[in-house]
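1. Structure for this input, please:
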Amino acid sequence: MSDSSLTKDRASMPSGTAPVLDRRTLKNSNRNLLSLVKPGLTVLDVGCGTGAITKDIAGLVGTNGSVVGIDLSEELINAAKTNHTSVSNLSFQVQDIFTYESDLRFDLITTARTLQWMNRPKEALLKMKSLLVNGGCISVLDYNHTKIEWLPAPPASMQQFYESFLRWRADAGMDNKIADNLQAIFSEIGLKNTTITNESEFYHNKESDFYDTAGIWNKVAETRGNQLVKDGYITESQRISAIQDYDKWLKNDAISIKLYLLGVTGYL
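-> Alright, predicted model coming up:
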């Protein structure tokens, strides 16, 4: 059973997303895997995007291991293949996890910031479980978007955009609180020895890259915002106001932003 067409449409990565994904590394964006990735492992990365993190995983498993990255986006997979063609133990495929088939069985299956874009995360995790070796593990990194913390409060226009963004997601069946629901889902599908780590992203204005990191919500408004306008959740003028007002807030008033993010790992 795959996700609905509405969910897939809203989850599809808009043009302009790749640069954001390319800035990610295993250490700065998926460090929960550092204790799990070992030499010789076979790893599946579900929702690999441009492969920036997947490439780092391949480096850690070494030549005796192998890594497969899958993503729904042909554009992102093409970028991954182009950017990392020299990595011999790494391959990328345009695949939907719900229909993905492989003769391989994986020691580790990782999916980061991906289940948040599905309306059937439990079924996706069940499919991942079926691809594990005995004793293998699934490690998920994802958000509870309702627990974002801004200091001070952002402009009203951005608050309106953010609320509309969450409603737009929820109306497609996406779970805005997926991070806090993962432990229960893991238990329901029979994964054991679950561990949870707080991987929340914290950005402070004392950091040199604060404007770029905390500016993620302007990137969302510039890209996903077009989808919200098309779907009637906000007007174009509201989208533009959110971007302009938030930009001023970032430059003049913003102190910090915290995105609530958990790493959850369970074993077969």
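
2. can you give me the helices in the chain?
-> Remark: helices assigned in the chain by DSSP state H are 5-11, 18-22, 26-29, 52-61, 74-83, 121-130, 156-170, 178-188, 210-214, 216-230, 236-252.

3. of all those, which gets the most neighbours per residue?
-> Comparing these by mean neighbour count (mean count of other Cβ atoms under 10 Å), helix 52-61 ranks first with a mean of 22. In short, each C-beta sits where N, CA and C put it, glycine included.

4. Quick one: distance of it to the chain centre.
-> 16 Å (Cα atoms, centre = their mean, to the nearest Å).

5. repeat for stretch 141-154
-> 15 Å.

6. Show me what counts as buried in it.
-> Using 16 or more other Cβ atoms under 10 Å as the test for burial, stretch 141-154 gives Leu141, Asp142, Tyr143, Asn144, His145, Ile148, Trp150, Pro154.

7. Would you mind measuring the gap between the ends of that stretch?
-> With Cα to Cα, to the nearest Å applied, stretch 141-154 spans 26 Å between its terminal residues.

8. Next, the residues that contact it from outside, please.
-> With contacts defined as Cβ atoms under 8 Å, 6 or more residues apart in numbering, stretch 141-154 is touched by 30, 32, 110-116, 159, 162, 166, 169, 176-180, 182, 199, 217, 246, 249, 253-264.

9. now do stretch 23-35
-> 37, 49, 52-53, 56-57, 60, 108, 110, 112, 139, 141, 197, 199, 263, 265.

10. And the pLDDT for Ser12?
-> Ser12 carries a pLDDT value of 73.

11. Let me see the contact set for it.
-> So, once contact is read as Cβ under 8 Å, 6+ apart, Ser12 ends up touching Leu72, Ser73.

12. pLDDT below threshold where in the stretch 1-150 of the chain?
-> The stretch 1-150 of the chain contains residues with pLDDT under 70 at 1-3, 13-20.

13. ok, 80 please
-> Applying pLDDT under 80 to the stretch 1-150 of the chain picks out residues 1-5, 7-23.

14. Repeat that for the stretch 151-268 of the chain.
-> Counting by pLDDT under 80, the stretch 151-268 of the chain shows no low-confidence range.

15. quick one: which of the contacts of stretch 23-35 is nearest Ile70?
-> Lowest distance from Ile70 to the contacts of stretch 23-35 (Cβ to Cβ) belongs to Gly49, with 10.4 Å.
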